[in-house]
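A.B. asks: Structure for the following, please:
(one chain, ligands or ions: 1)
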Amino acid sequence: MLIPDWLLSRYEKLIRRLQAGRLHHGLLLTGPAGIGKHVLARELAKTILCKNNSTTGACGQCQACLLYEAGSHPDMAELVSDKQLGVDAIRQGIGRLNSTAQLSGNKVLVIPKAEKMTEAAANALLKTLEEPTNNTFILLLTNRPQQLLATIVSRCEKHIFPAPVTADALKWLEQQGVKDASEALLHAYGGAPFAIVESLHQDKGLEYRAFTEGLDSLLAGSKDAVSLSIDWQEHAERVVGWLQQYMHSQCIKYPDKQTIHLYEACTQARKILQNPGINKSMILSCLLAEIKQTG
Ligand SMILES: [Zn+2]
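C.D. replies: Numbering: from 1, shown residues only. Below is the predicted model of the structure:
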């Protein structure tokens with residue numbers, strides 16, 4: 001995937017520093033979730049490893065680039081984890097950096113969700129950040145920098161990436177083939193275009209358009225809360241997330257007591273849904289009934 005327009009000038013700046021031999025060995029890339037930090041980090045890693053890189057990035061043709069594209073570059077490690085990232089995983093990643101680069105070039109370690117590191121894992125990484133081996137680059141990504149150890153943050157050069165402005169995000173979504181891209185859709189995903197594309201790939205079950213149509217018919221009285229909640233129970237977390245964003249935008253337009261209360265009810269429902277074994281359709285139907293009553 002190409003680097004989106006809103007990150008391009010930042011990316012090019014990093015490449016220029018790499019070419020000048022002034023790229024910091026520890027980079028902390030922060031900013032809201034779903035804006036393309038990971039795509040930028042992967043392109044940067046590829047360019048760092050490329051034997052023939054230029055001001056526009058990796059060449060795409062050298063041995064390093066081909067190995068990278070095949071996912072088998074020996075001097076590149078990426079520690080992906082949705083759960084905790086333990087000390088063993090970090091040690092394994094660091095181990096790859098400490099051995100001599102197999103392609104006798106640079107080495108890169110990417111940690112896409114750095115906030116998932118346990119304290120022990122972070123401390124293990126800290127040593128490497130303090131005494132980096134030659135030609136080693138560590139790219140830490142997070143949308144929750146406050147959850148990182150202060151010592152980690154202080155050893156890295158921090159780059160904060162902004163969310164795109166609406167017009168740029170909508171243009172990009174269209175290029176990605178998202179047909180019903182709208183400001184409301186973008187808002188429902190917290191302004192994060194990558195999150196929209198990801199969720200479309202992951203789950204074909206319920207689209208945002210079907211959700212807004214359902215909500216409209218609920219408010220118009222042509223559908224009731226119970227039948228909607230049965231239709232949507234498989235996607236309860238997603239629906240409640242959308243409802244929360246919807247109520248948030250309502251709060252901005254009509255900041256009255258009732259609207260704020262509904263927004264808080266959505267926040268509460270989102271929390272309750274995290275409990276295993278909960279009756280999702282019940283939670284959803286109560287929330288929808290409440291919205292219908294005041295809508
Ligand atoms: Zn190359």
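A.B. asks: check contacts around Ile15.
C.D. replies: 44, 47, 53, 55-57 (Cβ atoms under 8 Å, 6 or more residues apart in numbering). Placement of C-beta: from N, CA and C, glycine included.
A.B. asks: Around the ion, which positions in the protein sit nearby?
C.D. replies: Contacts of the chain with the ion, taken as Cβ under 5 Å from the ion, map to 50, 52, 58-59, 62, 65.
A.B. asks: longest strand of this structure?
C.D. replies: Identified as the longest strand of the chain according to DSSP state E is strand 136-142.
A.B. asks: Go through that strand and flag the buried ones.
C.D. replies: Across strand 136-142, burial judged by 16 or more other Cβ atoms under 10 Å covers 136-142.
A.B. asks: how many other residues sit next to Gln146?
C.D. replies: Using other Cβ atoms under 10 Å, Gln146 is surrounded by 9 other residues.
A.B. asks: Which elements pack onto the lengthiest helix in the chain?
C.D. replies: Counting residues, the longest helix found in the chain (DSSP state H) is helix 236-253. Judged by 3 or more Cβ pairs under 8 Å, 6 or more residues apart in numbering; DSSP states H and E, helix 236-253 is in contact with helix 183-188, helix 208-220, helix 257-272, helix 280-294.
A.B. asks: same thing but at 6 Å, please
C.D. replies: Helix 236-253 makes packing contacts with helix 183-188, helix 257-272 when contacts are defined by 3 or more Cβ pairs under 6 Å, 6 or more residues apart in numbering; DSSP states H and E.
A.B. asks: which of the ones you listed has the lowest average pLDDT?
C.D. replies: By mean pLDDT, the lowest-scoring of the helices and strands packed on helix 236-253 turns out to be helix 183-188, with a mean of 84.
A.B. asks: Contacts for that one, please.
C.D. replies: For helix 183-188, contacts defined as Cβ atoms under 6 Å, 6 or more residues apart in numbering pick out 166, 169, 208, 242, 245, 249.
A.B. asks: Now it - C-alpha only, CSV.
C.D. replies: Output of helix 183-188 as CSV, limited to C-alpha atoms (Å, rounded to 0.1, in the frame of the first residue of the first chain):
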residue,chain,number,x,y,z
GLU,A,183,-18.0,12.6,6.4
ALA,A,184,-20.4,10.6,8.7
LEU,A,185,-18.6,7.3,7.9
LEU,A,186,-15.3,8.9,8.7
HIS,A,187,-16.6,10.4,11.9
ALA,A,188,-18.0,7.0,12.9
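A.B. asks: which parts of it are buried?
C.D. replies: 185-186, 188.
A.B. asks: Check stretch 115-135 too.
C.D. replies: Buried residues in stretch 115-135, counting neighbours by 16+ other Cβ under 10 Å, are found at 115-117, 121-122, 124-126, 128-129, 132, 135.
A.B. asks: Arg96: which of those is nearest?
C.D. replies: Ranked by distance to Arg96 (Cβ to Cβ), the buried residues of stretch 115-135 are led by Thr128 at 11.0 Å.
A.B. asks: Now do the strands in this protein.
C.D. replies: Assigned by DSSP E, the strands in the chain fall at 26-30, 76-78, 107-111, 136-142, 157-160.
A.B. asks: Each with direction, which strands does the first one pair with?
C.D. replies: Read it as strand 26-30. Using DSSP bridges, strand 26-30 pairs in its sheet with strand 136-142 (parallel), strand 157-160 (parallel).
A.B. asks: Tell me the bridge partners for Ala77.
C.D. replies: Counting by DSSP bridges, Ala77 is bridged to Leu109.
A.B. asks: And the residue of the stretch 101-250 of the chain that's closest to the ion?
C.D. replies: Distances between the stretch 101-250 of the chain and the ion by Cβ to the ion are smallest at Gly105, namely 10.1 Å.
A.B. asks: How about Leu67, nearest residue that isn't a chain neighbour?
C.D. replies: His73 (4.2 Å; Cβ to Cβ, 6 or more residues apart in numbering).
A.B. asks: I'd like the distance from that neighbour to the ion, if you could.
C.D. replies: 11 Å (Cβ to the ion, to the nearest Å).
A.B. asks: That residue contacts Cys65, correct?
C.D. replies: No: using Cβ atoms under 6 Å, His73 is not in contact with Cys65, being 8.8 Å away.
A.B. asks: Can you find the helix or strand of this structure with the lowest average pLDDT?
C.D. replies: The weakest-scoring helix or strand in the chain, judged by mean pLDDT, DSSP states H and E, is helix 193-202 (a mean of 82).
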